[in-house]
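Participant: make a model of this:
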Amino acid sequence: MRSRTMNASRRLVGLSVVALMSAGCTPGDPPTVPLSCAELASWTSDVVVIDQAEVVPASDSNPAHCKVAGTIGAEVHFELLLPEHDAWNGRFVMGGGGGFVGSVQNHAMGPMAGGNGLQRGFATVGTDTGHQGSGIDAGWALDNDERELNFGSRAVHRTTEVAKALIADFYAREISYSYFIGCSRGGGQAMIEAQRFPDDYDGIVSMAPAIAWPQIGAGFLQNVQKLYPDPSDLATPVVTAENRALLEREVLRRCDGIDGVEDGVLNDPRACDFDPAGLSCTGAANLDCLTNEQLEAVTTIYSGPTIDGEQVYAGFPLGGENDRGGWDTWITGGENAIAPGVPSLQWAFGTEMYKYLVFDDPEFDYATYDFENWHADIATADAVLSATETDLSGLRESGGKLLFWQGWSDPALTALGLIEYYEAVEAVDPDVRDYSRLFLAPGVLHCSGGRGPDRVDLLSAVVDWVEGGEAPERLLASKVDAEGATVMTRPLCCYPEVAVWDGVGDTDDASSFRCQPPDAR
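Facilitator: Next up, the predicted model:
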């Protein structure tokens, strides 16, 4: 089986030279008179075409603004939203995109505690990263190194430069502060910016980041090899809905009360010593035990990908096994299949990643891949796609601030992987908390959802840190019901601290909890 043949060193030259090139429109002094939205339609640059510039009237969800759509180079599309001149707060925020992107996406315009970027008065931009398609389809990368470079890092950086130039010209003044916010792939884009282009943004919010692509993909593939060993039968997963319910029930029975609050959520899953081997069937298979095949699959999920005896990425923590939109969607699939022939999102992302971003081989067969030459297979894709550099001195020296956030019950990107990365950064720089902090959300799934409080105003937190010097010690998280009413609040503590109940107050009220080191309970 062949991996990508483009020379890895030549690709890295592309990243270090081409990706750092100006988009051809780096601004000098902005105009002395603001431009109208219509005038932006004729804005010119060597490599940028403005496809559309129109005024969008105010609506129930957003204020009036100027929408600018354009193309950078051959096929990097972007959409820039500009508040009216007297409504702009002087700030710029770029939002990331999820999955394989494939359409113009902007996480700063999604549902956010505190309102989206435009509602707050930010100028905001998003990009498709240089290709069009479904967010779970990577066929666009087949034999196309330019698109992979754009997806890996170049599109976000160049969109940043173009947006800044347009903003300065439209308002006839420079941006006061620039921010980036993204989740999943968008969180990984945030880390590419922090590591490779640390001068682009003053503050960065990286949520549930996909930072180690081939390693994460290896975990996905090993999981689906156990869950769907026969690629001709993608309708029947080895681990069933009944198995998931059993796992959740037993995990909570053993560990839910460790933090003093029985609420169906593990405050820190690492404190739970549950071993699924204790559920092994000793007689005939039944709903209260796991067969050898089921136990092997579950153990693989919790343990993480292992190659030649080396664990190459973290496994998934305990908790959330039976949450709707959790394992059923991402890992085990089955009754909640994504589409015909696509049983789970791990199946989709793992197979697409290795078909088109690692091997350039649409016939790649996950079931027969033995990982024998894995390190060599992934070398080029890893260099282009991943954001695992632990030296963040460029960000520190630029004065930038970086906030991490992730749900403990995330079934897509394990929180344990982010913890390992953050602790590796701390090993390089013991003062990492001067410019970067990590917050973990108990009971929260991928980017949102789950039983825990998943709404946090992270954009305000990073703005306060950058502009006011207020380093966050704890963040307020809330849970909102279907009618929009807040039904729970909890504090999220700066890692490694955890929230501890005071023993008497309302367990649905954040004021009843304090942050303290995990070993101080």
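
Participant: from residue 428, how far out is residue 342?
Facilitator: Distance of residue 342 to residue 428, given as CB to CB, to the nearest Å: 39 Å. Where C-beta positions appear, they are placed from N, C-alpha and C, glycine not excepted.

Participant: which one's more surrounded, those two?
Facilitator: residue 342 (15 against 12; other CB atoms under 10 Å).

Participant: quickly list what the more buried one is bridged to.
Facilitator: residue 339 (DSSP bridges).

Participant: what about it, distance to residue 39?
Facilitator: 46 Å.

Participant: equivalent analysis for residue 369, please.
Facilitator: 54 Å.

Participant: neighbour count: these two, which is higher?
Facilitator: Neighbour comparison, residue 369 and residue 39: the larger count goes to residue 369, with 20 against 13 (by other CB under 10 Å).

Participant: what's the closest non-adjacent residue to the more buried one?
Facilitator: Closest residue to residue 369 apart from its sequence neighbours, by CB to CB, 6 or more residues apart in numbering: residue 221 at 6.4 Å.

Participant: by contact count, what packs against the helix or strand where that neighbour lies?
Facilitator: In the assignment (DSSP states H and E), residue 221 maps to helix 213-227. Judged by 3 or more CB pairs under 8 Å, 6 or more residues apart in numbering; DSSP states H and E, helix 213-227 is in contact with helix 292-303, helix 345-352, helix 374-385.

Participant: who touches the next helix or strand after that helix?
Facilitator: Per DSSP H and E, the first helix or strand lying C-terminal to helix 213-227 is helix 241-255. Applying CB atoms under 8 Å, 6 or more residues apart in numbering, the contact partners of helix 241-255 are 264, 266, 269, 271-274, 276, 278-279, 287-290, 294, 298, 318-323, 327-328, 332, 334-335.

Participant: now list the buried members of the residues you listed.
Facilitator: Buried members of the contacts of helix 241-255, counted by 16 or more other CB atoms under 10 Å: 266, 269, 272, 274, 276, 279, 289-290, 294, 298, 318-323, 327-328, 332, 334.

Participant: among those residues, name the ones in helices.
Facilitator: 294, 298, 327-328 (DSSP state H).

Participant: how far off centre is whichever helix in the chain runs longest?
Facilitator: In the chain, taking DSSP H as the definition, the longest helix is helix 155-171. Between the centre of helix 155-171 and the centre of its chain there are 23 Å (CA atoms, centre = their mean, to the nearest Å).

Participant: show me what secondary structure element comes after that helix.
Facilitator: Where DSSP H and E defines the elements, the next helix or strand beyond helix 155-171 is strand 177-183.

Participant: and the protein, what are its domain boundaries?
Facilitator: 1-175, 217-257+269-350 (automatic domain parsing).

Participant: could you dump those domains to TSV with distance to residue 380 and mean pLDDT?
Facilitator: Formatted as TSV, the domains of the chain follow (distance: least, CB to CB, whole Å; pLDDT from 0 to 100):
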stretch	distance to residue 380	mean pLDDT
domain 1-175	4	86
domain 217-257+269-350	14	95
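
Participant: and of those domains, who's closest to residue 386?
Facilitator: Residue 386 lies closest to domain 1-175 among the domains of the chain, at 8.6 Å (CB to CB).

Participant: what's the most buried one of the helices and strands packed on helix 213-227?
Facilitator: Of the helices and strands packed on helix 213-227, the one with the most neighbours on average (mean count of other CB atoms under 10 Å) is helix 345-352, at a mean of 24.

Participant: next one: phi and psi at residue 123?
Facilitator: Reported as degrees, to the nearest 10, the phi and psi values for residue 123 are phi -80, psi 140.

Participant: could you pull up the residues touching it?
Facilitator: Contact analysis of residue 123 by CB under 8 Å, 6+ apart lists 80-83, 88, 91-93, 163, 167, 171, 175.

Participant: mind giving me the packing neighbours of the strand or helix carrying residue 82?
Facilitator: Assigned by DSSP H and E, residue 82 falls within strand 76-83. When contacts are defined as 3+ CB pairs under 8 Å, 6+ apart, strand 76-83 packs onto strand 65-72, strand 123-127, helix 155-171.

Participant: name the element the residue of the chain most remote from its centre belongs to?
Facilitator: Farthest-out residue of the chain from its mean C-alpha position, per CA atoms, centre = their mean: residue 283, at 42.5 Å. Assessed by DSSP H and E, residue 283 sits outside every helix and strand.

Participant: now it: how far from residue 289?
Facilitator: Distance from residue 283 to residue 289, counting by CB to CB: 8 Å.

Participant: how about residue 36?
Facilitator: Distance of residue 36 to residue 289, given as CB to CB: 70 Å.

Participant: what of residue 253?
Facilitator: According to CB to CB, residue 253 and residue 289 sit 15 Å apart.

Participant: how about the contacts made by the spatially most central residue of the chain?
Facilitator: In the chain, the C-alpha nearest the mean C-alpha coordinate belongs to residue 184, at 1.6 Å (CA atoms, centre = their mean). If you count contacts by CB under 8 Å, 6+ apart, residue 184 has them with 96, 98-99, 207-210, 412-413, 446-447.

Participant: residue 106 too?
Facilitator: 79, 81, 94-97, 117, 124-126.

Participant: equivalent analysis for residue 478, please.
Facilitator: Listed by CB under 8 Å, 6+ apart, the contact set of residue 478 reads 113, 453, 455-456, 486, 488-490.

Participant: could you do residue 456 as well?
Facilitator: Going by CB under 8 Å, 6+ apart, the list of residues near residue 456 reads 113, 405, 439, 441, 475-478, 492.

Participant: can I get those residues in a markdown table with secondary structure and distance to residue 106?
Facilitator: Output for the contacts of residue 456, formatted as a markdown table (DSSP: H, G, I helix; E, B strand; the rest coil; distance: CB to CB, whole Å):
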| residue | secondary structure | distance to residue 106 |
| --- | --- | --- |
| 113 | coil | 17 |
| 405 | strand | 18 |
| 439 | strand | 23 |
| 441 | strand | 22 |
| 475 | strand | 23 |
| 476 | strand | 25 |
| 477 | strand | 23 |
| 478 | strand | 23 |
| 492 | strand | 24 |
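
Participant: just give me the neighbour total for residue 172.
Facilitator: 14.

Participant: swap in residue 59?
Facilitator: Applying other CB under 10 Å, we find 9 other residues in the vicinity of residue 59.

Participant: could you do residue 56 as well?
Facilitator: When counting by other CB under 10 Å, one arrives at 15 neighbours for residue 56.

Participant: list the beta-bridge partners for it.
Facilitator: Following DSSP bridges, residue 56 is listed with bridge partners residue 65.

Participant: would you confirm that it contacts residue 63?
Facilitator: No: look at residue 56 against residue 63 with CB atoms under 8 Å: they stay out of range, at 9.2 Å.

Participant: how far away is residue 225 from residue 281?
Facilitator: The gap separating residue 225 from residue 281 is 22 Å, by CB to CB.

Participant: ignore what I typed, I meant residue 404.
Facilitator: Using CB to CB, one gets 40 Å for the distance from residue 404 to residue 281.

Participant: between those two, which one's more packed in?
Facilitator: Ranked by neighbour count (other CB under 10 Å), residue 404 and residue 281 place residue 404 first, with 25 against 14.

Participant: thinking again about what came up before, can you flag which of the contacts of helix 241-255 belong to strands?
Facilitator: Judged by DSSP state E, the contacts of helix 241-255 include no members of strands.

Participant: so what's residue 514 closest to, chain neighbours aside?
Facilitator: Setting aside the residues directly before and after it, residue 514 is nearest to residue 500 in space (CB to CB, 6+ apart), at 5.7 Å.
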